[in-house]
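Asker: sequence plus predicted model, see below.
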Amino acid sequence: MNGALPRIALVGPMGIGKTTALRSLCGDVMASSDVPNLDRAAHSKAFTTVGAEFGEIDLGDGEHVQVCGCPGQDRFDFVRQWILSVSMGVFIMADVARPSAVGETLDLLAEMAVQPDPPLALVLSARPATSAQIEAFGLALSASPHGVVPILEADPRDRGQLLEAVGVLASMLSLQNEID
Ligand SMILES: Nc1nc2c(ncn2[C@@H]2O[C@H](COP(=O)(O)OP(=O)(O)OP(=O)(O)O)[C@@H](O)[C@H]2O)c(=O)[nH]1
Ligand SMILES: [Mg+2]
């Protein structure tokens, strides 16, 4: 892929599991930026991310991918925008069963669309959801100007499922590189 290490970003609301997914994928080979969570009103968990997080995965046959996690809290918009501007692919992590998921995902897609070199986006359905819920979510997205965005299911704690999703995104990226 142009010789450079392909970079994939993880975005999504607070507590969806971006840091969890990065840990599942990269284990200890990651730089975390979690601190104790003082905003327990927004989410009850003990830690939250306050900067960019980086990890690297070896896809085998010498192919490596860098994965960057974003903070989910709104006050770190600028960190997310910076990571989006330097990423080739993005996983938008969502709990598609939640009514707010469509709006949150559309906001992120809009943020990506204004980048000079927009990254490829893929939605990760990161919480249990029925196929009807996933279908309804997909329909709502496709009615937007962003058109059809692929949706894959992956539990943030499941390395195998995440690696499959990374494989799909890597294929989409290499396909795009061939077309460009
Ligand atoms: N029920 C359930 N809980 C999960 C799952 N994945 C992660 N969790 C829990 O949900 C929380 C996710 O936390 P993080 O990975 O820190 O979330 P984050 O997206 O990095 O959050 P911020 O950095 O604060 O934006 C943790 O408490 C996990 O233990 C899941 O698939 N199901
Ligand atoms: Mg985090």
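Answerer: Sure, I can see it. Numbering: from 1, shown residues only. Ligands and ions are numbered 1, 2, ... in the order given.
Asker: make it CA atoms for all contacts and neighbour counts henceforth
Answerer: Noted.
Asker: okay, residue 10 and ligand 1: tell me how far apart.
Answerer: Computed as C-alpha to the nearest ligand atom, to the nearest Å, the residue 10 to ligand 1 distance reads 9 Å.
Asker: same deal with residue 92?
Answerer: With the distance defined as C-alpha to the nearest ligand atom, residue 92 ends up 11 Å from ligand 1.
Asker: residues contacting that residue?
Answerer: Each residue near residue 92 by C-alpha atoms under 8 Å, 6 or more residues apart in numbering is listed here: 10, 11, 12, 105, 108, 121, 122, 123, 124.
Asker: what about it, which SS state?
Answerer: The three-state label given to residue 92 by DSSP: H, G, I helix; E, B strand; the rest coil is strand.
Asker: report how many residues lie close to residue 167.
Answerer: 13 (other C-alpha atoms under 10 Å).
Asker: same check on residue 112?
Answerer: Other residues near residue 112 number 20, with proximity taken as other C-alpha under 10 Å.
Asker: dump the C-alpha coordinates for the longest helix along the chain into CSV.
Answerer: Looking only at the chain and at elements set by DSSP state H, the helix with the highest residue count is helix 159-179. Included here for helix 159-179 are C-alpha records, laid out as CSV according to Å, rounded to 0.1, in the frame of the first residue of the first chain:
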residue,chain,number,x,y,z
ARG,A,159,-9.6,-10.5,18.7
GLY,A,160,-10.7,-12.9,16.0
GLN,A,161,-13.8,-10.9,15.0
LEU,A,162,-11.8,-7.7,15.0
LEU,A,163,-9.0,-9.1,12.9
GLU,A,164,-11.7,-10.2,10.3
ALA,A,165,-13.0,-6.7,10.2
VAL,A,166,-9.5,-5.3,9.8
GLY,A,167,-9.0,-7.8,6.9
VAL,A,168,-12.1,-6.5,5.2
LEU,A,169,-11.0,-2.9,5.6
ALA,A,170,-7.5,-3.7,4.4
SER,A,171,-9.0,-5.3,1.3
MET,A,172,-11.2,-2.3,0.7
LEU,A,173,-8.2,0.0,1.0
SER,A,174,-6.0,-2.0,-1.4
LEU,A,175,-8.9,-2.1,-3.9
GLN,A,176,-9.2,1.7,-3.7
ASN,A,177,-5.4,2.0,-4.2
GLU,A,178,-5.7,0.0,-7.4
ILE,A,179,-8.4,2.2,-8.7
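Asker: ok, residues contacting the least confident helix or strand in the chain by mean pLDDT?
Answerer: The element with the least model confidence among the helices and strands of the chain, by mean pLDDT, DSSP states H and E, is strand 30-31, at a mean of 88. The list of residues contacting strand 30-31 from outside it, by C-alpha under 8 Å, 6+ apart, reads 22, 23, 53, 54, 55, 56.
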